[in-house]
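Enquirer: Quick one: sequence plus predicted model below, questions after.
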Amino acid sequence: MSDALWQKKGLSGADEEVQRFLAGEDVLLDRHLLPFDIRATAAHVRGLRTIELLTAEECAQLEEGLAALEADVKSGAFVLGPPFEDGHSAIEHFLTERLGPLGGKVHTGRSRNDQVQTALRLYMRDRLEQLGGLCRETALRLLDRAEADAMTIMPGYTHLQRAVPSTVGLWLGGLAEAFVDIAALAHSTRDWINSSPLGTAAGYGVNLPLAREQTAQDLEFDRLQINPQYAQNSRGRFELQAITALAQATLELRRLAWDLSLYTSGEFAFVSLPQRYVTGSSIMPNKYNPDTVELLRAQHGVVAGALTELQSVIALPSGYHRDLQATKPPLLRAFESTLPALALVPALVSEMSFDREAMERALEPAMFATDVAVEAARDGIPFREAYRAAMGQEVGQRTGADSVAARVSPGACAQLMLEEIRARAQVVGR
Ligand code: ARG
């Protein structure tokens with residue numbers, strides 16, 4: 001494979017150094033897109049058959065060739081890499097090697113511009129579904145833990161200062177509800193991007209009555225992305241939206257990881273993690289460090305960086321520009337590193353353990369002052385007066401259990417409404 005398939009006659013073409021620059025890491029990144037590109041190519045082939053640009057026999061041969069490539073990719077017999085420029089040229093090359101000139105028919109009415117867009121769209125759809133599933137699973141595990149320790153007392157903090165008695169149920173129920181919302185966001189983002197760019201060619205359509213509706217249905221898109229130039233100019237924008245959903249997940253993950261890194265510290269000592277999440281220090285024999293939690297916390301940095309990178313790259317006029325290739329690395333880096341990180345979280349949530357005594361010991365009498373003030377207000381004293389009276393006042397023989405049992409406002413400790421959160425978790429994405 002020395003020359004690109006679109007090498008012009010009489011032109012020597014880009015030399016090796018320039019070729020390497022043009023390809024960058026692109027051909028390696030295309031490994032993630034190749035299965036989707038193959039599926040989209042098969043749909044395109046069936047579309048060409050519908051408009052009678054391929055005979056039934058040719059269509060069947062191309063479909064078989066694509067199925068063989070798919071199998072080779074799955075088994076590892078075909079590994080994408082240099083000297084191919086990208087996954088798109090590799091597909092055409094594979095078909096041409098196998099089927100001769102018929103392989104060259106596959107690109108009829110298609111450009112790499114709509115080809116890459118279609119593969120990316122299918123990739124994002126798949127990864128957003130995975131994201132939604134992982135957030136849902138995390139929410140369900142958090143709910144299990146929240147239910148089991150619904151009334152386990154712990155301090156509620158504001159400003160990292162002890163504020164009022166609270167519960168493990170309230171802490172974990174809150175994280176669960178957040179992950180349900182993010183699962184819903186992942187699925188609605190999936191629907192938002194689920195339009196078909198296939199058949200828009202280089203951004204201006206082609207002089208063929210392409211079966212665009214058919215190929216869109218074939219690939220399970222919900223609608224056509226109608227305008228060919230818009231199809232190109234949405235490149236990077238749709239990626240941005242997908243990564244925004246991902247960023248919501250890593251933001252929440254960062255909060256959970258922060259809580260765990262504080263609560264596993266000797267200062268709090270509320271939570272401990274199984275050995276498998278913990279590492280030792282190379283110099284300090286006494287140390288057990290929650291490195292897993294810390295790397296989970298750092299994952300948002302990767303995603304936030306990808307968002308910034310994408311936004312910077314897509315500052316372009318209308319039409320395709322090769323700059324758009326540079327939207328691929330941040331997209332893939334963000335998803336391919338975050339989904340495995342998120343996949344660790346459900347088990348981590350299930351396996352952490354609580355030191356319930358330590359949590360309750362962390363209450364101090366002043367934390368009941370709000371209860372005292374609200375009780376007085378309930379008995380008719382204007383709240384501002386009750387507030388002043390409760391400052392520094394003796395709080396009497398109160399326990400954390402009394403405090404949280406009386407917290408009956410909907411959603412609060414005595415009425416967590418975990419079943420309602422679970423009911424939403426069960427239907428999200430279904
Ligand atoms: N690797 C390229 C990309 O990601 C494929 C499309 C190339 N199109 C072109 N007109 N050179 O954008």
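Expert: Sure thing, it's come through.
Enquirer: what packs against the longest helix anywhere in the chain?
Expert: Counting by DSSP state H, the longest helix found in the chain is helix 112-148. Identification of packing neighbours for helix 112-148 by 3 or more CB pairs under 8 Å, 6 or more residues apart in numbering; DSSP states H and E yields helix 26-50, helix 87-99, helix 168-193, strand 195-196, helix 228-233, helix 237-263, helix 328-351, helix 418-427. In short, each C-beta sits where N, CA and C put it, glycine included.
Enquirer: so how far is the first residue of stretch 45-58 from its last?
Expert: 9 Å (CA to CA, to the nearest Å).
Enquirer: what about the helices and strands packed on helix 112-148, which gets the closest to Glu64?
Expert: Among the helices and strands packed on helix 112-148, helix 87-99 comes nearest to Glu64, with 8.8 Å by CB to CB.
Enquirer: Which of the residues in that closest one are classified as buried?
Expert: 87-96, 98-99 (16 or more other CB atoms under 10 Å).
Enquirer: Looking at the residues you listed, spot the one nearest Ala146.
Expert: Using CB to CB, the buried residues of helix 87-99 come closest to Ala146 at Gly87, 44.2 Å.
Enquirer: Please tell me how far the closest one sits from the ligand.
Expert: For Gly87, the distance to the ligand equals 8 Å [CB to the nearest ligand atom, to the nearest Å].
Enquirer: So for that residue, what's the nearest residue that isn't a sequence neighbour?
Expert: Take Gly87 and drop its neighbours on the chain: the residue closest to it by CB to CB, 6 or more residues apart in numbering is Asp30, 3.4 Å away.
Enquirer: pLDDT at that neighbour, what is it?
Expert: At Asp30, the predicted lDDT confidence score is 96.
Enquirer: Enumerate the residues of the stretch 201-350 of the chain near the ligand.
Expert: 320, 322, 324-325, 328 (CB under 6 Å from any ligand atom).
Enquirer: Residue of the stretch 151-300 of the chain closest to the ligand, please.
Expert: The minimum distance from the stretch 151-300 of the chain to the ligand, using CB to the nearest ligand atom, falls at Ala202 (6.6 Å).
Enquirer: and that residue, how many neighbours does it have?
Expert: 16 (other CB atoms under 10 Å).
Enquirer: still on that earlier bit, what is the nearest of the buried residues of helix 87-99 to the ligand?
Expert: His88 (6.3 Å).
Enquirer: What are the neighbouring residues in contact with that closest one?
Expert: Shown in contact with His88 (CB atoms under 8 Å, 6 or more residues apart in numbering): 30, 37, 112, 115-116.
Enquirer: rerun that using 7 Å as the cut-off
Expert: Under the criterion of CB atoms under 7 Å, 6 or more residues apart in numbering, the neighbours of His88 are 37, 112, 115-116.
Enquirer: circling back to that earlier point, quick check, nearest of the residues of the stretch 201-350 of the chain next to the ligand to Thr264?
Expert: Among these, Lys328 lies closest to Thr264 (CB to CB), at 37.6 Å.
Enquirer: Next, count neighbours for the residue nearest to that closest one when sequence neighbours are not counted.
Expert: Distances taken as CB to CB, 6+ apart place Leu29 nearest to Lys328, at 5.3 Å, with adjacent residues excluded. Leu29 is flanked by 19 other residues according to other CB under 10 Å.
Enquirer: Test my guess that Leu29 contacts Thr327.
Expert: No: counting by CB atoms under 7 Å, Leu29 stays clear of Thr327, with 10.8 Å between them.
Enquirer: Which residue would you name as the spatial centre of this protein?
Expert: Taking CA atoms, centre = their mean as the criterion, Leu246 is the residue nearest the geometric centre of the chain, at 3.6 Å.
Enquirer: For the residue in the stretch 251-400 of the chain that the ligand sits nearest to, what are phi and psi?
Expert: Proximity to the ligand, evaluated over the stretch 251-400 of the chain using CB to the nearest ligand atom, is greatest for Gln325 at 3.6 Å. Per-residue torsions, Gln325: phi -60, psi -30 (degrees, to the nearest 10).
Enquirer: Contact partners for the residue lying closest to Ala184 once chain neighbours are set aside?
Expert: Nearest non-adjacent residue to Ala184, counting by CB to CB, 6+ apart: Val428, 5.2 Å away. Residues near Val428 by CB under 7 Å, 6+ apart: 132, 136, 180, 183-184, 187.
Enquirer: Most neighbours among those residues, please name it.
Expert: Tallying neighbours with other CB under 10 Å puts Ala183 at the head of the contacts of Val428, with 27 neighbours.
Enquirer: gap between the closest residue to that residue other than its chain neighbours and Val395?
Expert: Distance criterion CB to CB, 6+ apart; nearest residue to Ala183, sequence neighbours excluded, is Cys135 at 3.8 Å. From Cys135 across to Val395, the span is 40 Å (CB to CB, to the nearest Å).
Enquirer: who has more neighbours, the two?
Expert: Neighbour count, other CB under 10 Å: between Cys135 and Val395, Cys135 has more, with 31 against 14.
Enquirer: rewinding a little: present the helices and strands packed on helix 112-148 as a markdown table; the columns should include distance to Glu294.
Expert: Below are the helices and strands packed on helix 112-148 laid out as a markdown table (distance: least, CB to CB, whole Å):
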| stretch | distance to Glu294 |
| --- | --- |
| helix 26-50 | 27 |
| helix 87-99 | 35 |
| helix 168-193 | 18 |
| strand 195-196 | 39 |
| helix 228-233 | 39 |
| helix 237-263 | 6 |
| helix 328-351 | 12 |
| helix 418-427 | 27 |
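Enquirer: which stretch among the ones you listed comes nearest Ala376?
Expert: helix 168-193 (23.9 Å).
Enquirer: list the helices and strands that closest one packs on?
Expert: Contacts defined by 3 or more CB pairs under 7 Å, 6 or more residues apart in numbering; DSSP states H and E place helix 168-193 against helix 112-148, helix 237-263, helix 418-427.
Enquirer: Pick the most deeply packed of these.
Expert: Mean neighbour counts were compared across the helices and strands packed on helix 168-193 using mean count of other CB atoms under 10 Å; the top stretch is helix 112-148, at a mean of 23.
Enquirer: relative orientation of it and helix 87-99 in degrees?
Expert: Calculated by axes from the mean of the first three to the mean of the last three CA atoms, to 10 degrees, helix 112-148 forms an angle of 110 degrees with helix 87-99.
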